[in-house]
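# No letters, just coordinates:
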Ligand SMILES: Nc1ncnc2c1ncn2[C@@H]1O[C@H](COP(=O)(O)OP(=O)(O)O)[C@@H](O)[C@H]1O
Ligand code: SF4
Ligand SMILES: [Mg+2]
């Protein structure tokens, strides 16, 4: 039995906007196991980012974490509910034990500080270096590690002087600066050129191997999942649809949404036209569909799907699905 | 830095068309002036036809418009435009008065920054709390209160009631002049007694003139701060585990980039309020001079002053642009 | 259709509806029905837009400062329209002519007047008394009456300057931003020329030199005279003061358009990059339609905020000019002019500064509060970041119609 590093239990996050209460995620539960790469997939707007940020309470007004627990297993075996920690306690964990890589490197970095400063700062605020000077000196090593050429010179650059791929390498550098136990990468390649995407993923995989970190990889690209992850969590409209190993998900997708997602994956060998897009759109989460949230788009929907919400059931070891058909 | 030099030259060159534009508008203003002032300059109702004709000739009023335009531009740039009332070149008359207006704007600017910046930041930090709500309304009250109303309230309080200022004359500058702006010279030559005198005369008009702009700056600073705060980079800083104080330092630095630009623009904007302030507080600056010249139908003086205002204003805008380029590493020259 | 599926969706978690919310819903529904009178099916085709409007109104209803601003603005408009009829005394009745002590009478005082007037060709004598709740001005006129009548002057100038200045600016900005190139260059250079002057300075210079020309124009065009007199609710006797009054109008229009041109151009430049503009062009929609039907509605938010606040700004500037003796001169009722009179007798005649001052500050503050509130609501970024407090509805089982 693999040991969990994070157990998310019944996590719900609502946004109290002027237009109504957006139930961004509801009753989300899953575990992240030590040392694995767990992929979190789903279309845009399904609540992937919200889920990942809620893990360390990174939810801003008008958002609220309305319920749930995030049990964090420390190295010494003790556990703690991250959502109950004070602002200062959780700050010490963020960027130190649990680090993030955001989607858009162009907006993640502060334009007015050099990249060296920003990497050094990540270490300084967690007491890993004595002062920012030492941090900047160490930043050179980190830049080298994320394969940025000429790091001695680059360390003095401002973000706008770097390309998108380079910037994302810097962001990754910030993420790994404190050798975190869990690295949360929120669509790290979506904002980049296709040619750069593969390099960034390659880099992430390498770093993960090297540090033996746990990675939560968020993506809406199932092709990436097959290459990098061991397990997959599929989300739809703020709820978990299916959880399983890569093998289970790709060879035996149970949830009709997972199946539809797989049909929409571009096959590099096939023609683009063969792609089947999923009909309909992610529903408005202010008035989500009753019962199973996928039912308006589901080809297999039945009467019960409209009335009753399906529960997450374990249908084979490690393979969970929320669908009335199982 | 070589890039900066080039940028400065390029930016300064765009100054030229604006300058030409300014002369054009000034000319249009001069051109629509009705014919009767000539009679007034010539000595009123009793003026002889010959005298009127002579003045018309002197000011090229009998010439086609392009000739009048050239005459005017030449007059403005060579200071050969004569004030019909005393036959002195207009800018010679304006000279010392400009110093008063400039010093008034400096005082106002001091209050703008002193009030607007900190209150704007506090408002942003207390976003959506009671403090913020109060400060937002205070800023709007500042913006909504005209100089000519608040000035009298202040005069009543600070002059009539508490006698904390004087409203007569202006103190002479320090004996040793460097910039010819008394308050700056005082600081440079460490002449504190004159400094105090200048402050005593100018603080209230400056405060009055600055209030509205301080309100504008409060709002701008608050919004700029909140905008910077809502960026992804701020969330990323949080995700890095950066403590609050450090986080705010990042946000503040980002927020101040546009604020500093706005400050330069505001210095120019303060000029707008100088005619009223100078009138109320009895300061012999160019604003009051312009108003007096209107009363005497002394239009060449009015045109000279308008032109001068535009030059200062455009220069302030230029400084704003340059400042922006210098402080923001993203701007590529 | 969406209607049929309602049962399949969870109900929206409603915020508690206040009376204001219901009222604004009514208003918006009414407005929608009104538009539908002219454009067939508008209401049905714009369901989501109407919903969005209602939601924006809810946000406004939850901002007390904005509501206060709205109330002040409504009062201002009401007094602007009806003020001349509400005023106890006409603006062109000069009590000093009949009793010299009415000059600068303090608030609360009452005087007897021995009036000799020419009415319909007859000389009439009568005795009356005049009470001054807010004091009198140099002509013995009742300040309260002048304040009420002056609201008309302010409102008419306000509305017409806003109707013309920003409209010119917006049109030029749209054209400039959409076409780019030479057209853009020319329009923007001209805009820069005007923006090179501090606003009030240009307004002062213009209102100093313009009156003669405008008066000549009015004297030559009787219809214009009549129209202006009607708008400002003035007596035909005052026709010779219109030149100065309108010079302020022209001056402020000239000062007020360039800002809008620049702002509109900026948003048009970003907006035209959107795909829908490309598509509209591809299907051959006329440029006019693209500009006014497609681009303008999408960039209008910040412009509306600017307009709202400029309603206040124009009042300030106009009163400032008349404070300086430019623009409206007695007997034309004007707030700024009262302060001008008071300034010459300060602090003895404090009421001539205080009461018009309070009125000006209040009205301008009203517009600014409203504009500030609108800014939060019309800007999609801030609107989305507004946090609403959720209050469960009472058990009353109201239907959400
Ligand atoms: N600041 C916010 N205000 C309102 N709604 C939000 C906000 N952030 C996210 N949401 C809502 O939460 C849902 C999930 O968003 P997100 O987690 O960003 O999706 P994903 O990362 O899967 O694309 C979306 O429906 C979105 O509308
Ligand atoms: S529960 Fe019903 S609607 Fe939902 S996925 Fe399964 S079959 Fe489709
Ligand atoms: Mg996301």
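All right, it came through fine. Keep in mind it's a predicted model, so treat the numbers as computed, not measured. Ligands and ions are numbered 1, 2, ... in the order given.

# Now for the closest residue to residue C:276 other than its chain neighbours, how many residues are close by?
Counting by CB to CB, 6 or more residues apart in numbering or on different chains, the nearest residue to residue C:276 once its immediate chain neighbours are dropped is residue C:294, at 6.6 Å. Heads up, the C-betas are built off the backbone N, CA and C, glycines and all. By the measure other CB atoms under 10 Å in any protein chain shown, the count of residues near residue C:294 is 18.

# Let me see the contact set for residue C:294.
C:276-277, C:280, C:285 (CB atoms under 8 Å, 6 or more residues apart in numbering or on different chains).

# What is the subsequent helix or strand relative to the lowest-mean-pLDDT helix or strand in chain C?
Lowest by mean pLDDT, DSSP states H and E among the helices and strands of chain C is helix C:2-5, with a mean of 41. Toward the C-terminus, helix C:2-5 is succeeded by helix C:19-38 as the next helix or strand (DSSP states H and E).

# How confident was the prediction at the residue of the stretch 51-200 of chain A found nearest chain B?
Chain B sits closest to residue A:95 of the stretch 51-200 of chain A, with a gap of 3.4 Å, by CB to the nearest CB. On pLDDT, residue A:95 comes in at 93.

# cool, residue B:34 as well?
Looking at residue B:34, the pLDDT reads 62.

# Under the pLDDT cut-off, which ranges of the stretch 151-300 of chain A? List them.
Residue ranges of the stretch 151-300 of chain A with pLDDT under 70: A:265-282.

# Enumerate the residues of it near chain C.
A:283, A:286-291, A:295-296 (CB under 8 Å from any CB of the partner chain).

# about what we covered before: any chance of CSV for the contacts of residue C:294, columns pLDDT?
Output for the contacts of residue C:294, formatted as CSV (pLDDT from 0 to 100):
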residue, pLDDT
C:276, 87
C:277, 87
C:280, 87
C:285, 89
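
# if you look at those, which of them are in helices?
Of these, the ones assigned to helices by DSSP state H are C:276-277, C:280.

# between the residues of the stretch 151-300 of chain A next to chain C, which is closest to chain C?
The closest of those, once distances to chain C are taken by CB to the nearest CB, is residue A:287, at 4.5 Å.

# what about that closest one, which helix or strand?
Using DSSP H and E, no helix or strand contains residue A:287.

# Contacts only, for it.
A:20, C:9-12 are the contacts of residue A:287 under CB under 8 Å, 6+ apart.

# Buried ones from those residues, can you make that a ChimeraX selection?
Those of the contacts of residue A:287 that count as buried under 16 or more other CB atoms under 10 Å in any protein chain shown are selected in ChimeraX with:
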select /A:20 /C:9
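
# Closest one of the contacts of residue A:287 to residue C:362?
Among these, residue A:20 lies closest to residue C:362 (CB to CB), at 35.8 Å.

# Around the closest residue to that closest one other than its chain neighbours, count how many other residues there are.
Nearest non-adjacent residue to residue A:20, counting by CB to CB, 6+ apart: residue A:286, 4.0 Å away. Residue A:286 has 16 neighbours, counted by other CB under 10 Å.

# ok, and does stretch B:210-230 reach over to chain C?
Yes - for stretch B:210-230, a contact with chain C is found by CB under 8 Å from any CB, at B:219, B:230.

# buried sites along that stretch?
B:210-229.

# That one and ligand 1, are they touching?
No - using CB under 6 Å from any ligand atom, stretch B:210-230 stays clear of ligand 1, with a minimum separation of 9.4 Å.

# could you measure the closest residue to residue B:290 other than its chain neighbours against residue B:69, distance?
Spatially, and ignoring its direct neighbours in sequence, residue B:290 is nearest to residue B:305 (4.2 Å; CB to CB, 6+ apart). Applying CB to CB, to the nearest Å, the value for residue B:305 to residue B:69 is 19 Å.

# Who has more neighbours out of these two?
residue B:305 (30 against 19).

# wait, what's in contact with that one?
B:90, B:94, B:286-287, B:289-290, B:293.

# Give me the contacts around stretch A:104-113.
Contacts for stretch A:104-113 (CB under 8 Å, 6+ apart): A:102, A:115, A:118, A:121, A:158-160, A:164, A:167-168, A:170-171, A:190-192, B:231-233, B:236-237, B:250, B:253-254, B:257, B:328-330.

# Please apply the same query to stretch A:63-77.
When contacts are defined by CB under 8 Å, 6+ apart, stretch A:63-77 is touched by residues A:3-16, A:24, A:27-28, A:34, A:50, A:54-55, A:57, A:59, A:79-83, A:93, A:98, A:181.

# now the closest residue to ligand 1 within chain B, nearest residue through space, not along the chain?
Nearest residue of chain B to ligand 1, counting by CB to the nearest ligand atom: residue B:230, 9.4 Å away. Leaving aside its chain neighbours, residue B:230 sits nearest to residue C:385 (6.7 Å; criterion: CB to CB, 6+ apart).

# Tell me, how many residues neighbour that neighbour?
Neighbours of residue C:385 (other CB under 10 Å): 20.

# what ranges do the helices span in the stretch 51-200 of chain B?
Along the stretch 51-200 of chain B, the segments classed as helices by DSSP state H, counting those that start in this stretch run B:65-78, B:90-125, B:130-144, B:147-154, B:182-189, B:192-229.
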